[in-house]
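S.K.: predicted model follows, preceded by the sequence.
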Amino acid sequence: MDLLRFVLMRLGKGVIVLFAIAVLNFFLVRAAPGDPAQVMAGEAGAGDEVFLAQLRQQFGLDRPLYEQLWAYLSNYATLDLGFSYRQQQPVLDLILERLPATLLLTGSAFFISLVLGVVLGALAARRVGKWSDSAITTLALVFYATPLFWIALMSQIVFSLKLGWLPNVGFETVGGGYTGIERALDIMQHLIMPALTLGLFFTAIYARMMRASMLEVAGADFVKTAYAKGLSPAVITRRHIARNAILPVVTLAGLQAGQLVGGAILTETVFAWPGIGRLMFEALAQRDYSVLLGVFFISSAMVVIFNLVTDIIYRIVDPRIGASA
Amino acid sequence: MTEPVLHVEGLSLSLPNVADRAFALKDASFQINAGETVCVVGESGSGKSMTAHAVMGLLPPAVKVAAGSIRLAGRELLGLDERGMRRLRGCDIGMIFQEPMTSLNPLMRIGDQIGEMFEAHGVLHPAARNKRALELIEEVGLPDPGHIVRAYPHQLSGGQRQRVMIAMALALEPKLLIADEPTTALDVTTQAQILRLIDRLRSEHGTAVLFITHDFGVVAEIADRIVVLQNGEICETGKTGDVLRTPSHDYTKRLIAAVPSLTPPEPRSLATATPALKIDGLSKTYRSGGFFAKGREVTAVDNVSFEILPGETLGLVGESGSGKSTVGRCCLRLIEPDGGMIRLETAEIQGMTQRMLRAHRSRIQMIFQDPYASLNPRRSVGRIIAEGPIAQGVNKSTAMLQARELLDLVGLAPAAADRYPHEFSGGQRQRIGIARALALNPKVLVADEAVSALDVSVQAQILDLIREIQNRLEVAVLFITHDLRVAAQICDRIAVMQRGRIVEMAATAELFANPAHDYTQMLLAAVPGREAFAHTYKTETSHAT
Amino acid sequence: MSAFTRFASNRGAVVGLGLLLLLVAVVLLAPLLYPQSPWRMVGRPMGAPLAGSFLLGTDTLGRDVAAGIVHGARVSLLIGVVSTVVALLIGVPLGAVAGYFGGLIDDLVMRFTEFFQTIPSFALAIVVVAVLQPSLLSIVLAIAIVSWPPVTRLIRGEFLSLRSREYVQAAITVGQSTPRIIFTQILPNTLAPIIVMASLMVATAILLESSLSFLGLGDPNLMTWGYMVGAGRSRIIDAWWISFFPGLAIFLTVLALNLVGEGINDALNPRLRKEDRK
């Protein structure tokens, strides 16, 4: 019951955020140099007078600003994110078509980085000062500093072009004609490199956080209590230290969801992964602003949902939250 | 003659090179028999906690055992490997800690945490563990055991959590219970209950108790024998009554003399005059919760009225959460009261804007509790003291000169003005804080737990200083404290607060002799060691300064 | 041990500082090392490193990769530092006001900050640069817009805790004015975390800038590392060095900044083990 109210409250907050982003989009279009109709039409559509007139009419561009805003927001409220002249398709359709690939990529990267980061961070903390700790912290530092697009390119050269272990680009083998399990395996193979390169940066962050958090909790009074009980170090680490240490990592992971989506733009560009990040890159090249803003809006919505999920997890894991809220 | 439960012999613990002394503990020997409570007493840094941790085999990595032996029921512990030590912990030795609020895992249910004791030592079936946990919770006097086992720590109060810790420590009927300052973080009435509980369990189970404390009142209450530690060395041991009555070592004498008596000194006579501070109908309610969450209301101060004459000290005593600190801060409008009058001599300051108030700030000043947090680490001591006068328009060089004089007044060298706070000890910092308060020549001083963070000997010196200053400057003092002993010695009148209200206000001697309100009686009864220290008169403590 | 000796005894931090000094030297000496424009075609396209007279080879149009890296260093550092300064100028006052005054102001500022933290920051940066047209100004603005929220959170937290610290209460008690309290009592005590955060922010800003120019959103008049990696992408099979070396430059710079930032952090907040002293 309590959880339901919390979820509803958070959903309400999410709607407010999305509303604000729609407003932001509206003003961004007006901040762009030139006629808003031309901006919305994009480079390709700017020459088509009929299309421009249609846009002007639809968004009431000759009417006062607040009426324009209202028209714009009403469109967004019905999930009408505009029309891509270049692709001759509604923006929403374009995005929905590409969304599953992005969800698959970001979802796996999130999962990989969280699991790997927590495990490696905990391991490093258990062996603080030993060589395995130094190895993990050094690697974390290195991956934290490596540009995402560059490591994606380099792994492409090494693992695909030189070693030939993994497919170079794309979502699945074109013309492979696979179905069922075979297709899933094929997609998996294509997924490995993008998901890993995207996940590495976040693995590094979570590993560092987990290590620091473990070391901090290890000094807590209740850990002293646990030692005084005569529990074995393994049980103390698992039950008392790690469980408490993981909480800030989960919070951080929730906050990082936005960055994950941002990183997907780069990864999808390098690996020609047919997701909304790639769509954004293409729209960028074509100056197709309605697609650009549409992707921005939908990726924000994704982040809102991501945050909600991590908050719910947090609430379930930590008994203190419910009481204090 | 039977073997003592704990026999520590010639124990030395070495500290790392960077520490200010080579040994945390040097050549310490003592023993505890079954059913006996031994208190290890000392001031902060005396090595008393290290002693407890050494017995438990839980020393910090930097501290090493240099020599000696620790025998538990005849069995040497120092040679044991980690596995062997682990078998003893919890099973043969139970331990409770100072901070009940942080000593339990916040993510585990109470029942599971108690159950872990059995699990760690492979005792009982999982089903039987829960039943035993219920019995233990019942035994330590917690209400509604069925509810408590399923509760998380944050749902319990500090006193309840400490009971849980005790239940846990005694779950496997250990031969030895180590209690490391177990009541220091608790209110005085809760402390009394916990002490009684430990004592009852000791006598029922015949447990040997190693009790670490800094508080001689607690010692008098619970100890059979005392071990006094000074800078890592035992300076005196003996039966409690003997040591308290006729201490042989100088250090012990000083410590005992510094414990303020519950018997107030002769009342002083004060000339009637306009009150320096008059509070009428003061109230403050805290509201929590924001936009979405539903708010909770806590009435911290409820219709409080009092007045203080020039040169008089009014004590405001009560337990944590009674609202005494809020009253103090409201007087300076560090917290905005919701209603009521605050009059400084003739000026009513309750309605003033902060800007208008600034001109009246010099009339009332504050001495804070924490000597470490109350001085800006990045400013020189001279600047810290001079800041007030400068803000009130005194020119800088005059103010700095005055700061040196004030340092002299509070017993520090004027040259201290050029140094920074971290170069001073806790007691010295508290003197600097007093100098800062005096710099504006205030008519009223609010001292908020001003001596609570200090060791007992330093505490006595600071109390003397406050009294001396009051005599010289005729300043009115609002003395906020949880410690009735301190209040008895320094206050002319005392107001007892409970849940935001003043339940009783009377002249100090009158209040101690004939407490009218139930709550006052309860508080007085809970003061540890009241008989033992009833007749140590103030005159003796002057040696300590 | 002073903060300086603690920093000097941290091997990683010293290495990072060395790398940074090298980078600054390269930036200062760029006009001497490579006086010509990095856009000039100077040799055969796609010449391998060390094969000709070019240390790091040439790109697809016969431009000197080393010259590009040297000139790109200037852009990276400039954008990194300027956008961090702008982000601090937004973040510090907001956080200070929210933390000091609390209440409704705090609520409003924090909702605003949370909003900007929820938006996928890189996507926002892309949109801002794309809409305003890529230029030095729009890039700095975009990076600053997405980087200030953590600053605000940090400063707010510090102010919130320092405000209730007793020495600040004492300053109110003696009648110091609010601006004076903020500037003399609180702000100096938040300097250490601000410095640490700033050095890490410069690193993040350089990463962001390179990612933007990799996507073709760099200032078209400036040679940047990200642009070089992106431009070499199409011929990566034949000429890996075109993308490799600029990427390495980004990596080393960001690594150096992180090492220095961590070094400063450890030097300023030595973890004193309290138990060791009891």
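M.R.: Okay, I see it.
S.K.: which helix runs longest in chain A?
M.R.: What stands out as the longest helix in chain A, according to DSSP state H, is helix A:180-218.
S.K.: that one packs against which elements?
M.R.: Packed against helix A:180-218 by the contact rule (3 or more Cβ pairs under 8 Å, 6 or more residues apart in numbering or on different chains; DSSP states H and E) you find helix A:91-126, helix A:131-145, helix A:148-155, helix A:243-271. All C-beta atoms are positioned from the backbone trio N, CA, C, and that covers glycine.
S.K.: for stretch B:202-213, measure first residue to last.
M.R.: 17 Å (Cα to Cα, to the nearest Å).
S.K.: if you could redo that for stretch B:119-132, that was the one I meant.
M.R.: Start-to-end, stretch B:119-132 (Cα to Cα) is 12 Å.
S.K.: is it anywhere near chain A?
M.R.: Yes: using Cβ under 8 Å from any Cβ of the partner chain, stretch B:119-132 reaches chain A at B:A120, B:H121.
S.K.: quick check: buried residues in that stretch?
M.R.: Of all the residues in stretch B:119-132, those buried under the rule 16 or more other Cβ atoms under 10 Å in any protein chain shown are B:A120, B:H121, B:L124, B:R129, B:N130, B:R132.
S.K.: name the residues that touch it?
M.R.: Stretch B:119-132 is contacted from outside by A:229-232, A:235, B:87, B:90-91, B:111, B:114-115, B:117-118, B:149, B:171-172, using Cβ atoms under 8 Å, 6 or more residues apart in numbering or on different chains.
S.K.: for C:L268, which non-adjacent residue is closest in space?
M.R.: Excluding its sequence neighbours, the residue lying closest to C:L268 (Cβ to Cβ, 6 or more residues apart in numbering or on different chains) is C:A192, at 4.3 Å.
S.K.: so which bits of the longest helix of chain A are buried?
M.R.: A:186-187, A:190-215, A:217-218.
S.K.: and stretch A:4-13, by the same measure?
M.R.: A:F6, A:R10, A:K13.
S.K.: and if you look at stretch B:273-280?
M.R.: Buried residues in stretch B:273-280 (16+ other Cβ under 10 Å): B:P275, B:A276, B:L277, B:K278, B:I279, B:D280.
S.K.: from the residues you listed, which land in strands?
M.R.: B:L277, B:K278, B:I279, B:D280 (DSSP state E).
S.K.: what residues are up against the closest residue to the last one other than its chain neighbours?
M.R.: Leaving aside its sequence neighbours, B:D280 sits nearest to B:M341 (Cβ to Cβ, 6+ apart; 4.2 Å). Residues counted as contacts of B:M341 (Cβ under 8 Å, 6+ apart) are B:K278, B:I279, B:D280, B:G281, B:L282, B:E348, B:Q350.
S.K.: which strand or helix spans B:M341?
M.R.: strand B:339-344 (DSSP states H and E).
S.K.: give me the sheet partners of that strand and which way each runs.
M.R.: Using DSSP bridges, the strands paired with strand B:339-344 are strand B:277-287 (antiparallel), strand B:347-348 (antiparallel).
S.K.: format those as a markdown table; extra columns: mean pLDDT.
M.R.: Formatted as a markdown table, the strands paired with strand B:339-344 follow (pLDDT from 0 to 100):
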| stretch | mean pLDDT |
| --- | --- |
| strand B:277-287 | 91 |
| strand B:347-348 | 90 |
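S.K.: out of the ones you listed, which is closest to C:G230?
M.R.: The closest of the strands paired with strand B:339-344 to C:G230 is strand B:277-287. By Cβ to Cβ, the value is 55.3 Å.
S.K.: now the next helix or strand after the closest one: buried residues?
M.R.: Going down the chain from strand B:277-287, the next helix or strand is strand B:297-308, by DSSP H and E. Across strand B:297-308, burial judged by 16+ other Cβ under 10 Å covers B:A300, B:V301, B:D302, B:V304, B:F306, B:I308.
S.K.: what's the answer for stretch A:275-284, then?
M.R.: Those would be A:G275, A:I276, A:G277, A:R278, A:L279, A:M280, A:F281, A:E282, A:A283, A:L284, for stretch A:275-284 by 16+ other Cβ under 10 Å.
S.K.: also near chain C: which of the residues you listed, exactly?
M.R.: Okay, of those touching chain C (Cβ under 8 Å from any Cβ), that's A:M280, A:F281, A:L284.
S.K.: anything in stretch B:49-69 near chain A?
M.R.: Yes: against chain A, stretch B:49-69 shows contacts by Cβ under 8 Å from any Cβ at B:M56, B:L58.
S.K.: may I see the buried residues of that stretch?
M.R.: For stretch B:49-69, by 16+ other Cβ under 10 Å, it's B:49-60, B:62-63, B:65-66, B:68.
S.K.: near chain C, from those residues?
M.R.: Near chain C, by the rule Cβ under 8 Å from any Cβ, you find B:S49, B:M50, B:P60, B:A62, B:V63 out of those.
S.K.: for the last one, give me phi and psi.
M.R.: Here is the backbone geometry of B:V63 (degrees, to the nearest 10): phi -100, psi 130.
S.K.: for the stretch 1-150 of chain C, what lies in contact range of chain B?
M.R.: Going by Cβ under 8 Å from any Cβ, the residues of the stretch 1-150 of chain C near chain B are C:D107.
S.K.: now the helices for the stretch 1-150 of chain C?
M.R.: Assigned by DSSP state H, counting those that start in this stretch, the stretch 1-150 of chain C shows helices spanning C:3-8, C:11-33, C:65-101, C:103-118, C:121-132, C:136-163.
S.K.: next, C:V229: secondary structure please.
M.R.: helix (DSSP: H, G, I helix; E, B strand; the rest coil).
S.K.: what's around B:I198, how many residues?
M.R.: 25 (other Cβ atoms under 10 Å in any protein chain shown).
S.K.: what residues are up against it?
M.R.: B:T37, B:I166, B:L177, B:A179, B:P182, B:V209, B:F211, B:I222.
S.K.: cutoff 7 Å now
M.R.: Counting by Cβ atoms under 7 Å, 6 or more residues apart in numbering or on different chains, B:I198 touches B:I166, B:A179, B:V209, B:I222.
S.K.: likewise for B:R404?
M.R.: B:P414, B:A417.
S.K.: distance of B:I198 from chain C?
M.R.: From B:I198 across to chain C, the span is 23 Å (Cβ to the nearest Cβ, to the nearest Å).
S.K.: for that residue, what is the enclosing helix or strand?
M.R.: helix B:188-205.
S.K.: ok, back up a step: and the angle for the strand holding B:M341 with strand B:297-308?
M.R.: If you take axes from the mean of the first three to the mean of the last three Cα atoms, to 10 degrees, strand B:339-344 sits at 30 degrees to strand B:297-308.
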